[in-house]
Each structure stands twice: as structure tokens, then as C-alpha cells.
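Asks: Just the structure for this:
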Amino acid sequence: MNIIAPNPRSNDPVEKGIAAYLDEIIALRHDLHQYPELAFQELRTSKLVASRLSAWGYEVTTGIAGTGVVATLRRGDGQKRIGIRADMDALPIEEATGLAYASSNPGVMHACGHDGHTSILLAAARYLAESGNFSGTLRLIFQPAEEIGAGARKMIAEGLFERFPVDAVFGLHNWPGVPTGQFGFVTGPAMASVDQAVIKIIGKGGHGAEPHRAVDPVLASASFITALQSVVSRNVDPQDMAVATVGSIHAGSASNVIPESVEMKLTMRAFNETVRQLLQERIPALARAQAESFGAEADVKYRLGFPALVNHPEETAFARDVAYDAFGPAAIDKDFRPRTASEDFAFMLQANPGSYLFVGNGDGAPLHSAHYDFNDAIIAPAARYWVRLTETFLTDDQGR
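Replies: Below is the predicted model:
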């Protein structure tokens, strides 16, 4: 289902302007997809982005957080400043799409659509440079290393918003399963925090035929995994959300040997800091108590990742109004709900007011799948949205 189909007879200058070079942008997206780069290795991507922006007249700064790019365009005497962010990195996944422009880098794939996000913002950047109707300062932020949750934090630590201040910052993500080109907005917590833990249950190895002479860490680990969900069901307020997942467990190598230890890797998610802190307290305590009950020990390494992404109410209402005015009510998913995936744009929203929105990618494989395919049909409407957001925000009579 295509919510926002290009109209060749449209009188909208933005739609017509982007349509004139849309094929070039799609070819660019395919090129980025064919040559994906992992976090902090986005050298080719960064160079390509900077080259295009420079050619269009932007003041371009490179090297922030290694491969990050910031482009500035000033027009008129307006004092307001808007920031728009796109991510650039790929994932360590072997692509299985069979596309003609599939990844040529073994074991690396744009399986989250960051090639699409970059292309969308470049499409908008070109229009705004050539025909944008605004007065103020536009900052375009091309961020590395979103997939490992480090890029935004490093850009900020290196003075991103001191060097390039903004009054509000916005970002978007494509979302499979939502109709093509339909927009989703969430006020408040929109994506979950993410933390990780490595828990090692240490017992006493022995012969599988004589378990009484050993301290079985596998049994203790199994008990912990079962008890783990009691934290979610009995410690967390039922009206709140928490996820605790054991994604990896390794122990032993033979069926008749009780191993010395078991190692588990966990991910924890929450929408608010109170629940996040509760998980940080209860999960290590539970691991140690479960291990002790079996005569074993638990070594817990709990690593905080990044916080929940919390959209600011005023900026989110503004972003939603822009979509409504530009595309009409049919283009807005009124039932769009928060996602339990995580995003390091959360750090940018801690530093500035702003909002993170979603655009439907249509039916297809989910994010982070080897079969995922970014939908080129959303480039034009999403780029048109960024143009409208910028022009509406950067007007002299805009009170925000």
C-alpha cells in the first residue's frame, strides 16, 4: 500500500523539485547499499556525503567523531536554527536479498536502512539549497556508529552542539510493517533504553555420571533464566514496560561433562529511568542468589548502554502538524506505538528539544534481517517532509 504516490502533475513545487532528480538519489542509495561500512569506518560514505553537500553550497565540516559530517546552510536574517540528523553505518550481517546492488562487502549489510536515511536527507538538502524558502540556519547532521550506540554520544562529546547550536533537532527511521510513506509520531518515550549484562555462573566441574561430586552451573543458570522473568512480572509495575532477554548462553563441550562455568549475555530494555534502575539492581541480585542456592557463584558485569528516546511534546506536536498539513490525515498512523528497539538519538534529545519520527517502509523483512530491503518509494515523501519541516520551522512568523 503506497500512501504517498508521486504525482507527475502535482502543483507542489517541493514534490516537483525532488521528482526532477529522484532517479539520481535512488541510484545514490543503491551505491551506498552496495558499499556498506561498519561503525566509525564510514570513510567512503562520509566522503560522498561531504562532496555532495559542498557541491550544493553547504558549509561542510568533517571529522567529527571520526567520520561524522555536519553541513550548515544559512539564508536570510532569521535567528532560528534547526538540526536534522541521518545515520550512516551498516551492520555486521551477510546479505541474503539477492538484489542487483547487494552488498559487495562480505559480512556487512545495510540491514536497517541507514543508506535510505542518508539518501532521504541528501534529497532534501539539495532541494533546500536550490529552492528552499526559509530564513534562518539549517544544520544537517550525518552521524556515524548508531548501530553500536556510540556515534551520537561521541559527536556530542566532541562539541557538536556547542560548535553547531540548534533550537531543535529531528530525526527519522523507516519502519517495516507500516504502510509505505505513512508517518508515525510518539510523544514522550518512543524507543526503549538498552543495557547489557554478561553473567558467569561458576560451579565445580565433574563427570556427568556423578553430579553429586560437582556443582552444576548449568542447572543454576537454568534456574536463573526461569526466575529472570519474575523481575518483569513481579518487580516492575504492571503499567510499565520492561524486557529482559538472554540472547546468548555458552557452557561445556561434551554431553557427559559438567562444565566449570556457564556464560550468559543479556539485553534489558525499559521506557523510563525508574524501571531501568530497577532492572540494574534486581537482575544482578537475582543471579547471585540463584547461583548461591546451588552452591555456585555469579560474576556479573552490567553495562549501561543508552537511555530511552524521549520525544519532547511541543516539537512532536509541531512535527505531526507539518505532516498533516503537507500530506493530509491519511498519511499519519494514528495508532503508532512506542518501539522497544533502541536509538542513540536519545542523547541528542537529552541535549536539545526535538522529536524522532517514523516512516512506513511497507511490507517486507524486519530491521536487522539479512533479507531486509529499504523501500525506495519512501525517499521522495520523506525528503519532502524534511523540506516542509525546515521551511515551516525557519520562518520569521514561527513562534516556536
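Asks: can I assume residue 375 is in contact with residue 359?
Replies: No. Residue 375 lies out of contact with residue 359 (CB atoms under 8 Å); the separation is 9.4 Å. All C-beta atoms are positioned from the backbone trio N, CA, C, and that covers glycine.
Asks: Touching both of those two, which residues are there?
Replies: residue 174 (CB atoms under 8 Å, 6 or more residues apart in numbering).
Asks: So which of these two has more stuff around it?
Replies: residue 359 (30 against 19; other CB atoms under 10 Å).
Asks: Residue 203 versus that one, what's the distance?
Replies: Relative to residue 203, residue 359 is positioned 50 Å away (CB to CB, to the nearest Å).
Asks: Could you do residue 37 as well?
Replies: 43 Å.
Asks: higher neighbour count, the two?
Replies: Taking other CB under 10 Å, residue 37 and residue 203 do not tie; residue 203 has more neighbours (24 against 21).
Asks: Tell me which residues touch the more buried one, please.
Replies: Neighbours of residue 203 in contact, by CB under 8 Å, 6+ apart: 214-217, 220, 258-262, 294-297.
Asks: Just those: which are in helices?
Replies: 217, 220 (DSSP state H).
Asks: Looking at the contacts of residue 203, which one is closest to residue 189?
Replies: Set against residue 189, the nearest of the contacts of residue 203 by CB to CB is residue 262 (33.9 Å).
Asks: where do the helices sit along this structure?
Replies: Using DSSP H, helices in the chain cover 13-20, 22-34, 43-55, 114-131, 151-157, 160-163, 217-230, 273-293, 313-327, 345-351, 379-393.
Asks: Any chance you could list what contacts the shortest one?
Replies: It refers to helix 160-163. 61, 64, 68, 70, 141, 351-352.
Asks: May I see the buried residues of it?
Replies: Residues of helix 160-163 classed as buried by neighbour count (16 or more other CB atoms under 10 Å): 160-161.
Asks: Ok, the fourth one next?
Replies: When burial is assessed from 16+ other CB under 10 Å, helix 114-131 yields the following buried residues: 114-129.
Asks: Now do it, average pLDDT.
Replies: For helix 114-131, mean pLDDT is 98.
Asks: Tell me what angle it forms with helix 43-55.
Replies: 10 degrees (axes from the mean of the first three to the mean of the last three CA atoms, to 10 degrees).
Asks: orientation of helix 114-131 relative to helix 22-34 in degrees?
Replies: Using the same axes, to 10 degrees: helix 114-131 against helix 22-34 is 150 degrees.
Asks: May I have the phi/psi pair for the spatially closest residue to residue 90 that is not a sequence neighbour?
Replies: Spatial nearest neighbour of residue 90, chain neighbours left out: residue 36 (3.3 Å); criterion: CB to CB, 6 or more residues apart in numbering. Note on residue 36: its backbone torsions stand at phi -70, psi 150 [degrees, to the nearest 10].
Asks: Could you check how far the residue nearest the centre of the chain is from residue 260?
Replies: The centre of the chain sits closest to residue 343, judged by CA atoms, centre = their mean, with a distance of 3.7 Å. Counting by CB to CB, the separation of residue 343 from residue 260 is 39 Å.
Asks: Next: residue 69.
Replies: From residue 69 to residue 260 the distance is 49 Å (CB to CB).
Asks: Can you give me every residue that contacts residue 229?
Replies: Neighbour list for residue 229: residue 244 [criterion: CB under 8 Å, 6+ apart].
Asks: that older thread, tell me the pLDDT at the residue nearest to the centre of the chain?
Replies: Residue 343 is given a pLDDT of 97.
Asks: In contact with it: list those residues for me.
Replies: Neighbouring residues of residue 343 by CB under 8 Å, 6+ apart: 146, 171, 173, 191, 309, 356.
Asks: ok, 7 Å please
Replies: Contact partners of residue 343, counting by CB atoms under 7 Å, 6 or more residues apart in numbering, are 191, 309, 356.
Asks: neighbour-wise, which of those leads?
Replies: When neighbours are counted by other CB under 10 Å, residue 309 leads the contacts of residue 343 with 28 neighbours.
Asks: pretty sure it is touching residue 190, no?
Replies: Yes. With contact defined as CB atoms under 7 Å, residue 309 reaches residue 190; the gap is 5.2 Å.
Asks: ok, residue 57 - contacts?
Replies: Residue 57 touches residue 129, counting by CB under 7 Å, 6+ apart.
Asks: Could you rerun that using 8 Å?
Replies: 73, 129.
Asks: just residue 374 next, same as before
Replies: 29, 33, 110, 113, 115-116, 174, 361.
Asks: Go again with 10 Å.
Replies: Residues near residue 374 by CB atoms under 10 Å, 6 or more residues apart in numbering: 29-30, 32-33, 110-117, 119-120, 174, 176, 361, 364, 367.
Asks: So which residues of the stretch 51-200 of the chain form strands?
Replies: 59-64, 68-75, 81-87, 136-143, 168-176, 183-184, 188-191, 193-202 (DSSP state E, counting those that start in this stretch).
Asks: What is the nearest of the buried residues of helix 114-131 to residue 207?
Replies: Using CB to CB, those come closest to residue 207 at residue 114, 50.9 Å.
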